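# coords below, sequence missing:
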């Protein structure tokens, strides 16, 4: 009896321990297998090329690494691509010749020989990068910075054939370049749709990091539309990208090119887990123009813009922080002719929402000059549609204004904003092309905390324009201290809204 009971007890104990394991095992998800990139690499790899460039180097600069000058180190840390590995300025055992000549290159079998000219200059390797074949007739896409300052461009295929390439065109703004080699029946990539890229999907990079050709690295898309201060919204990935990967393709799991590997974020000069690729849709628009005309034509409306912060949106009654805040308008430009003013917020361009300030330059830039478009702006609590004719983008211009010394303070800051202001002389208004406003003579309290300073010009309080000091005092005399107030402020050539919270009561004299 005792033995039976013990056996029953032990059996029950075993069941008690084992039973909970059954549902856990049944619910466990099968282990997901990692993707296999072999077929993808077999498909795309032959269309990826190595690009190296050479430059004519004077004997007087041969103490530096090839192609580098004093300003190149800062560019290296900005781009991290296309910078050559240090090489010997002279091949071992080559005695110097008269006039400072010598065997140039120092790059092994790829080093170039001295030029036959009398100046003693040499052709030396100046950069290394990657690219990919767009079409079977020899068009190749790469980064503009890969071929910067190149006198000769060499393209090497995976079958070791090397071609001297002809430069078709370069667009520095998007960092895209197209070159052409004299060949036919070449393997070409399949161009994908970068608008369909999803965060978290697997992607592959193929290129020549540190000159190591046909190197494959893989990772995932970390983010989309990443604004790095350049013209384009980049695709961010964690794919290992290093110097020499520049200009190579970023490829999705269908074997389609969705971007051009262009930049990395690094504090050391090497890969740190974040890399950026130019979306292929934008790159192809540029490439098509380069192949047709050799240059890229973009539209412009001649405004300087900034982001719309949440505080600015709340203080101006915008439902959400969106759009592009106009900080300055070029005199005589398309925007000024259309009636756009500093302080306007551009919400739409031709009916398309402008979600962030970086959206607007791309929308306008992709519009053919001479096209008539419609800009939807937010001004004083209302939306307005303004017709504008797009102009052609020229070289960047620097706005100038006649600056004069600010007169000494005339009074203490006694209002709820902590500002003392004065009228602006008529000749200064004319020089600044302003219809009104007041200049700050002193800033304290709330005004000082938000960064306002002597010499700034206030054009508007909330939705109320101010043309003189009396209007400013009237506009600020009944402000609600529980709400933010937006001041439209001009400093130098830029105009922006500054959110400020009034203090509860004016300071006493």
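Sure thing, it's come through. Owing to the predicted nature of the structure, the values given are computational and were not obtained by experimental measurement.

# In three-state terms, how would residue 185 be classified?
coil (DSSP: H, G, I helix; E, B strand; the rest coil).

# Tell me which residues touch it, please.
residue 136 (C-beta atoms under 8 Å, 6 or more residues apart in numbering). (Glycine included, C-beta is placed from N, CA and C.)

# Check what pLDDT it gets.
pLDDT for residue 185: 94.

# Would you check how far apart it and residue 133 are?
According to C-beta to C-beta, to the nearest Å, residue 185 stands 11 Å off from residue 133.

# One more: residue 43?
13 Å.

# do the same with residue 194
As judged by C-beta to C-beta, residue 194 and residue 133 stand 19 Å apart.

# go on, residue 493?
From residue 493 to residue 133 the distance is 45 Å (C-beta to C-beta).

# same deal with residue 475?
Distance, residue 475 to residue 133, using C-beta to C-beta: 63 Å.

# if you count what's nearby, which of the two comes out ahead?
Remark: of residue 475 and residue 133, residue 133 carries more neighbours, 23 against 20, as counted by other C-beta atoms under 10 Å.

# wait, isn't that one in contact with residue 186?
Yes: taking C-beta atoms under 8 Å as the definition, residue 133 is a contact partner of residue 186 at 5.2 Å.

# what touches both of those two?
The contact lists of residue 133 and residue 186 share residue 47, where a contact means C-beta under 8 Å, 6+ apart.

# Okay, now the unreliable bits of the stretch 251-400 of the chain?
267-270, 395-400 (pLDDT under 70).

# quick one, helices of it?
280-293, 310-316, 334-338, 359-365 (DSSP state H, counting those that start in this stretch).

# Mind putting the ones you listed into TSV with distance to residue 373 and mean neighbour count?
Putting those into TSV (distance: least, C-beta to C-beta, whole Å; neighbours: other C-beta atoms under 10 Å) gives the following:
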stretch	distance to residue 373	mean neighbour count
helix 280-293	18	18
helix 310-316	24	19
helix 334-338	9	20
helix 359-365	8	20
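
# Redo these as JSON lines? Include distance to residue 378.
Listed next are those as JSON lines, based on distance: least, C-beta to C-beta, whole Å:
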{"stretch": "helix 280-293", "distance to residue 378": "28"}
{"stretch": "helix 310-316", "distance to residue 378": "7"}
{"stretch": "helix 334-338", "distance to residue 378": "15"}
{"stretch": "helix 359-365", "distance to residue 378": "14"}
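
# do you know which of those helices lies nearest residue 144?
The closest approach between residue 144 and any of those, judged by C-beta to C-beta, belongs to helix 280-293 at 9.6 Å.

# Report all helices and strands that that closest one contacts.
strand 139-143, strand 162-171, strand 176-180, strand 256-264 (3 or more C-beta pairs under 8 Å, 6 or more residues apart in numbering; DSSP states H and E).

# coming back round to it: looking at the helices of the stretch 251-400 of the chain, which is nearest to residue 213?
Judging the helices of the stretch 251-400 of the chain by C-beta to C-beta, what sits closest to residue 213 is helix 280-293, at 22.0 Å.

# check contacts around residue 48.
130, 131, 132, 133, 158, 189, 206, 207, 214, 248, 249.

# now the residues you listed: which count as buried?
130, 131, 132, 133, 189, 206, 207, 248, 249 (16 or more other C-beta atoms under 10 Å).

# is the third one in a bridge, and if so with what?
Using DSSP bridges, the beta-bridge partners of residue 132 come out as residue 48, residue 141.

# My read is that it contacts residue 189, right?
Yes: between residue 132 and residue 189 there is a contact at 5.1 Å, judged by C-beta under 8 Å.

# Overlap of the contact sets of the two?
Residues touching both residue 132 and residue 189 comprise 47, 48, 249, 257, with contact defined as C-beta under 8 Å, 6+ apart.

# Switch these over to TSV; also include distance to residue 391.
TSV is the format used below for those (distance: C-beta to C-beta, whole Å):
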residue	distance to residue 391
47	39
48	39
249	35
257	33
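
# Looking at those residues, which two lie furthest apart in space?
48 and 257 (9.7 Å).

# what do these two both touch?
Joint contacts of residue 48 and residue 257 (C-beta under 8 Å, 6+ apart) are 132, 189, 249.

# Count the neighbours of residue 351 for me.
The burial count for residue 351: 9, using other C-beta under 10 Å.

# List the residues that contact it.
Contacts for residue 351 (C-beta under 8 Å, 6+ apart) come out as 374, 376.

# Would you quantify the distance from it to residue 449?
If you go by C-beta to C-beta, the gap between residue 351 and residue 449 works out to 40 Å.

# Ok, residue 290 next?
Noted for residue 290: a distance of 50 Å to residue 449, by C-beta to C-beta.

# same question, residue 135
59 Å.

# where in the stretch 401-509 of the chain is pLDDT low?
Ranges of the stretch 401-509 of the chain meeting pLDDT under 70: 401-414, 505-509.

# And the strands in it?
With DSSP state E, counting those that start in this stretch applied, the stretch 401-509 of the chain shows strands at 419-423, 438-443, 457-461, 464-465, 485-491, 494-500, listed in chain order.

# helices or strands next to the first one in the packing?
Translated: strand 419-423. Partner elements for strand 419-423 (3+ C-beta pairs under 8 Å, 6+ apart): strand 438-443, helix 469-476.

# Residue 344 is nearest to which of those?
Of all the helices and strands packed on strand 419-423, helix 469-476 sits nearest to residue 344, with 19.2 Å by C-beta to C-beta.

# and the closest one, how far from the chain's centre?
With C-alpha atoms, centre = their mean, to the nearest Å as the basis, helix 469-476 stands 41 Å off its chain's centre.

# My guess is residue 152 contacts residue 53. True?
Yes: with contacts counted by C-beta under 8 Å, residue 152 reaches residue 53, the gap being 6.7 Å.

# Is residue 148 in contact with residue 142, as I believe?
No: using C-beta under 8 Å as the test, residue 148 is too far from residue 142 to be in contact (11.1 Å).

# the more surrounded of the two?
A direct count of neighbours by other C-beta under 10 Å for residue 148 and residue 142 places residue 142 higher, at 28 against 20.

# Please tell me how far the more buried one sits from residue 246.
7 Å.

# Find residues that contact each of the two.
By C-beta under 8 Å, 6+ apart, the residues touching both residue 142 and residue 246 are 129, 130.

# what's the spacing between stretch 286-296 and its chain's center?
21 Å.

# can you list contacts of it?
134, 139, 141, 168-171, 173-174, 176-178, 297.

# of the residues you listed, closest to residue 469?
Nearest to residue 469 among the contacts of stretch 286-296 is residue 173, at 43.9 Å by C-beta to C-beta.
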